[in-house]
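Student: what's the 3D shape of this:
(2 chains)
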Amino acid sequence: VSGDPHALTALYALDAVSDDERPEAERHLAGCEDCREEIAEVRAALAGAVVDVAPPPSMRAAVLAQLDAVPQLPPLPRPAAADDGGAGQLPADTAAQGQAPEAPAVDELARRRAARRRFLPALAAAAAAVVLAAATGLGWAALDYRHDRDAAQRAAVALGEVASAPDAVTVAAQSGSGEWARTRLVVSRSKGEAVLIPSGTSRAPSGRTYQLWFIDGASSKPRPAGTFGGGTGTPDVLAGEVGSAAAVAVTVEPQGGSRQPTTTPVVTYTLST
Amino acid sequence: MARVAGGDRDAFAQVYDALAPKVLGLTRAVVRNHAMAEEVTQEVLLEVWRQATRFDPSAGSVATWALTIAHRRAVDRIRSVRASEDREDRVASGSATREYDEVAEQVLQHEDEVRVRAALSGLTDLQRQAVVMAYWGGHTSAEISSQLGVPVPTVKTRLRDGLIRLRAGLSTVGPGEAT
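Tutor: Just a heads-up that it's a prediction; the model follows:
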């Protein structure tokens, strides 16, 4: 026993417990309503000391765009005997950190970010942001679609390579309706590669496929850049060289793809030259 | 929040607007790196969305709940940053001293310091120092002990007594926040 369990409560309220102390603190809290109350009050008081900092507007869009990729947890069953503890703020907190079966999703995300961070200093800041944003989508996608995990990992590697190029840029959907409006394309002309980040768009209709196109200009034919079924959130590396493409488009085509677009693009991305 | 728990994105956008500045304020004060704080803030807001179904209004306000998640994550982040800095320091120069000349309020930026002093005004200097190092510095009692050169039990006592005073102060001025 490492001393007064209530003392551990103070540490817990401040998130100052070490990893060794945490389980003991949580065991104690589960059975001590006074301590749970203390923690709630202390946290409310500390929350009052926070100085607001306005986040950049882009963060709002980024967070809202990721909602589709983040499934909400099922509600906890209401505890039958509320007086034996367990209810309240504490489970929400601990659920975030390891008790709920879904929790590893976020831990995995944090790990991926930590792993990437080690080589981030070498990257341009913009490229770093792209990698992190993409890793977010991938983290969820890989969990939601385990059978696609290998594909997701290959895509992650490819995306990382493209995004780490000094000239990598992220292009927002230029024209694109509904769910396609929030998709992005990461392009590096020096590497000649482009990666589509589909951000939770739904699957292509039955018997159809999405097809990617490089568009070099009004006078030349669109170059096919691969097909994908969609619905996985997994980034898709475009086939072929970016070259001097002025835009990238996505159309819905019959299964197997077409030689040239047969429908109006669901989304286009304009590439800077 | 009930609408957010039901998957209502518009409701979440409103919750975002209310919470994001607070979450970023807290995470920035703890991790002290704006880009990193923005990353953590995004993670936290997505956690609020993910866990909205489990928010219990009887246990406190949405803001306190979100800031609890935010603080834990910010502390996790700063600890992992320190761990990797320590590794690099050992490999590179051996100068692992960069954290250890920071004491108490020095971990805070000025605007934060004013607010924190007000919130912790009922504490003794030593208690406040320990609480600030723990909550805003993300340090464990063992780390605070080695930085201040006082035994771990002393640090724990200061933290415990500090929080007792913090609660006592609350009961005289009333609850400090709305739900």
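Student: Quick check: nearest residue in space to the spatially most central residue of chain B, chain neighbours excluded?
Tutor: Centroid-nearest residue in chain B: residue B:71, 4.0 Å away (criterion: Cα atoms, centre = their mean). Of all residues not flanking residue B:71 in the chain, residue A:15 sits nearest, at 5.5 Å (Cβ to Cβ, 6 or more residues apart in numbering or on different chains). Where you see a C-beta, it was placed from the backbone N, CA and C, and this is true even at glycine.
Student: I'd say the one you found and residue B:136 touch.
Tutor: No. Between residue A:15 and residue B:136 there is no contact under Cβ atoms under 8 Å: 10.6 Å.
Student: So between these two, which is more surrounded?
Tutor: Legend: neighbour count by other Cβ atoms under 10 Å in any protein chain shown for residue A:15 and residue B:136, higher for residue B:136 (27 against 23).
Student: Of all the residues in the lowest-mean-pLDDT helix or strand in chain B, which ones are buried?
Tutor: Taking mean pLDDT, DSSP states H and E as the measure, chain B has helix B:110-119 as its least confident helix or strand, at a mean of 77. Going by neighbour count (16 or more other Cβ atoms under 10 Å in any protein chain shown), the buried part of helix B:110-119 is B:112-113, B:115-116, B:119.
Student: Following the chain onward from it, which element is next?
Tutor: helix B:125-135 (DSSP states H and E).
Student: What mean pLDDT does that following helix get?
Tutor: When pLDDT is averaged along helix B:125-135, the result is 92.
Student: And it, how far out from the chain middle?
Tutor: Centroid displacement of helix B:125-135 relative to its chain, using Cα atoms, centre = their mean, to the nearest Å, is 12 Å.
Student: So which elements touch that helix?
Tutor: Packing contacts for helix B:125-135, counted by 3 or more Cβ pairs under 8 Å, 6 or more residues apart in numbering or on different chains; DSSP states H and E, involve helix B:141-148, helix B:152-173.
Student: rewinding a little: please work out the angle formed by the directions of the least confident helix or strand of chain B and helix B:125-135.
Tutor: 130 degrees (axes from the mean of the first three to the mean of the last three Cα atoms, to 10 degrees).
Student: coming back round to it: nearest to residue A:193, out of the helices and strands packed on helix B:125-135?
Tutor: Among the helices and strands packed on helix B:125-135, the nearest to residue A:193 by Cβ to Cβ is helix B:141-148 (44.8 Å).
Student: And that closest one, what's buried?
Tutor: B:141, B:143-145, B:147-148.
Student: among the residues you listed, which are in reach of chain A?
Tutor: Counting by Cβ under 8 Å from any Cβ of the partner chain, the subset of the buried residues of helix B:141-148 that neighbours chain A consists of B:141, B:144.
Student: Which residue ranges of chain A form strands?
Tutor: A:169-172, A:175-176, A:184-188, A:193-197, A:208-215, A:223-228, A:236-237, A:247-254, A:267-270 (DSSP state E).
Student: can you pull up the bridge partners for residue A:227?
Tutor: residue A:211 (DSSP bridges).
Student: how close does it sit to residue A:255?
Tutor: 9 Å (Cβ to Cβ, to the nearest Å).
Student: Mutual contacts of those two, please.
Tutor: Counting by Cβ atoms under 8 Å, 6 or more residues apart in numbering or on different chains, the residues touching both residue A:227 and residue A:255 are residue A:209.
Student: is chain A contacted by the least confident helix or strand of chain B?
Tutor: Yes. Shown here: helix B:110-119 in contact with chain A (Cβ under 8 Å from any Cβ) through B:111-112, B:115-116, B:118-119.
Student: quick one: which of these is nearest to residue A:32?
Tutor: residue B:119 (24.9 Å).
Student: Let me see the contact set for that closest one.
Tutor: A:45-46, A:48-49, B:166, B:176 are the contacts of residue B:119 under Cβ under 8 Å, 6+ apart.
Student: any low-confidence regions in chain B?
Tutor: B:89-109, B:170-179 (pLDDT under 70).
Student: In it, where's the longest helix?
Tutor: For chain B, the longest helix by residue count, based on DSSP state H, is helix B:62-91.
Student: and that one, what does it pack onto?
Tutor: Identification of packing neighbours for helix B:62-91 by 3+ Cβ pairs under 8 Å, 6+ apart yields helix A:33-47, helix A:89-96, helix A:104-117, helix B:9-31, helix B:34-51.
Student: Arrange those in a markdown table, one row each, with mean neighbour count and distance to residue A:6 as further columns.
Tutor: Shown next, in a markdown table, are those (neighbours: other Cβ atoms under 10 Å in any protein chain shown; distance: least, Cβ to Cβ, whole Å):
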| stretch | mean neighbour count | distance to residue A:6 |
| --- | --- | --- |
| helix A:33-47 | 20 | 6 |
| helix A:89-96 | 21 | 15 |
| helix A:104-117 | 17 | 29 |
| helix B:9-31 | 21 | 25 |
| helix B:34-51 | 23 | 28 |
